[in-house]
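Q: sequence and predicted structure below; questions after.
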Amino acid sequence: MFDLKGKRIAVVGGSSGIGEGTAKACAEAGAHVVIASRSEGKLKAAASRIGHGVETATIDIRDDASVENYFAAAGRFDHVVMSAAEVRIAPVKTLTVAEAQTAMNSKFWGSYRVARAAQIADNGSLTLVSGAAAVRAAKGRSLQTAINAAVEALTKGLALEFAPVRVNTVSPGVVETPIWSGLDEARIAQIKEMAKRTAVGRVGQPEEIAQQIIACMTNRFMTGSIIYLDGGYLL
Ligand SMILES: NC(=O)c1ccc[n+]([C@@H]2O[C@H](COP(=O)([O-])OP(=O)(O)OC[C@H]3O[C@@H](n4cnc5c(N)ncnc54)[C@H](OP(=O)(O)O)[C@@H]3O)[C@@H](O)[C@H]2O)c1
């Protein structure tokens with residue numbers, strides 16, 4: 001559907017879930033893809049699932065030097081996708097401030113670090129990933145609302161600062177990925193039940209988010225956009 005032949009693309013968080021789905025779709029569309037995350041084991045496993053000669057890079061988005069050194073050595077990319085994050089979902093009163101800051105440091109400051117360090121070609125793009133919590137608050141998710149809203153606000157400023165590089169954010173609803181691996185059966189059943197009440201009546205799949213991320217890369221008129229991709233969860 002999209003031609004990315006010969007394009008050089010980095011997917012930070014490409015060892016799992018939405019990032020892996022995006023890396024796979026880019027590789028299948030002819031791009032040279034690098035997937036980056038912390039775990040060498042997860043990267044190798046994802047690279048072998050994806051195939052197409054995808055390369056791997058070990059970086060930690062919480063660490064300034066790790067992100068800066070990688071992108072300085074890696075050179076210029078046509079497109080960069082940032083879907084890496086590790087966040088805690090819990091009510092404000094049950095998390096320490098340090099735990100909340102750790103989550104913000106991963107997803108928001110991680111996005112900021114990648115945006116700051118990545119070298120992107122003038123006709124290229126940066127795509128960030130937020131989450132529907134940014135605009136639909138829920139009890140026990142105040143921190144998620146704040147982190148994702150911060151990523152979305154950053155997108156708009158970066159689109160102006162980085163032009164002609166285009167900067168967009170895809171905001172997913174509930175998507176079935178390994179992010180669920182820490183949840184018990186009862187919680188997963190509850191999530192699936194909630195998804196049944198959305199307009200599409202089901203949870204999303206990583207390849208559905210990947211399709212939109214690739215549209216952000218390839219649509220030359222799209223910048224500063226926040227795309228809500230949630231099967232109607234926000235309605
Ligand atoms: N799935 C959903 O329902 C959903 C809904 C709304 C928003 N989102 C957002 O979508 C994004 C992707 O989520 P997902 O569901 O695809 O999650 P996932 O399957 O858990 O993947 C997360 C990725 O981030 C990497 N990562 C985590 N911490 C890192 C760090 N410090 N440095 C480098 N890489 C790191 C992980 O690899 P390593 O462990 O190897 O580092 C993994 O590749 C996240 O921002 C998430 O908040 C997801």
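A: That came through fine. Numbers count the residues shown, from 1 in each chain.
Q: contacting residues for the residue in the chain that the ligand sits nearest to?
A: In the chain, the residue found nearest to the ligand is residue 17; the distance is 2.2 Å by CB to the nearest ligand atom. No exception for glycine: its C-beta is placed from N, CA and C like everyone else's. Shown in contact with residue 17 (CB atoms under 8 Å, 6 or more residues apart in numbering): 83, 175, 177, 178, 179, 206.
Q: the third one against residue 18, yeah?
A: Yes: Residue 177 is within contact range of residue 18, at 6.1 Å (criterion: CB atoms under 8 Å).
Q: shared neighbours of these two, anything?
A: Listed as contacting both residue 177 and residue 18 by CB under 8 Å, 6+ apart are residue 206.
Q: of these two, who's got more company?
A: Applying other CB atoms under 10 Å to residue 177 and residue 18 shows that residue 18 carries more neighbours, namely 28 against 20.
Q: ok so, going back, can you select the buried ones among the contacts of residue 17 for me in PyMOL?
A: The PyMOL selection below is limited to those of these classed as buried (16 or more other CB atoms under 10 Å):
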select buried, resi 83+175+177+206
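Q: from the contacts of residue 17, which two are the most distant?
A: Spatially, the most separated pair among these is 83 and 178, at 12.2 Å (CB to CB).
Q: which residues touch the closest residue to residue 39 other than its chain neighbours?
A: Nearest non-adjacent residue to residue 39, counting by CB to CB, 6 or more residues apart in numbering: residue 15, 6.4 Å away. Residues in contact with residue 15 (CB under 8 Å, 6+ apart) are 35, 36, 37, 39, 42, 43, 45, 46, 56.
Q: kindly recompute the last result at 10 Å.
A: Applying CB atoms under 10 Å, 6 or more residues apart in numbering, we find residue 15 in contact with 23, 35-47, 49-50, 56, 58, 84, 178.
Q: what subset of these is also close to the ligand?
A: Restricting those to those near the ligand by CB under 6 Å from any ligand atom leaves 37, 38, 39, 42, 84, 178.
Q: which of those tops the neighbour count?
A: Of these, with other CB under 10 Å as the count, residue 84 tops at 27 neighbours.
Q: quick one, grab the pLDDT at it.
A: Per-residue confidence at residue 84 stands at 98 (pLDDT).
Q: what of residue 27?
A: Residue 27 is assigned a predicted lDDT (pLDDT) of 98.
Q: is it true that it touches residue 5?
A: No: counting by CB atoms under 10 Å, residue 27 does not reach residue 5; the two are 11.2 Å apart.
Q: these two: who's more crowded?
A: residue 27 (22 against 9).
Q: for the more buried one, what are its contacts?
A: 4, 9, 11, 14, 33, 35, 47, 50, 51, 52, 53, 54.
Q: once you drop chain neighbours, what's closest to it?
A: residue 52 (3.7 Å).
Q: check residue 177 too.
A: residue 17 (3.1 Å).
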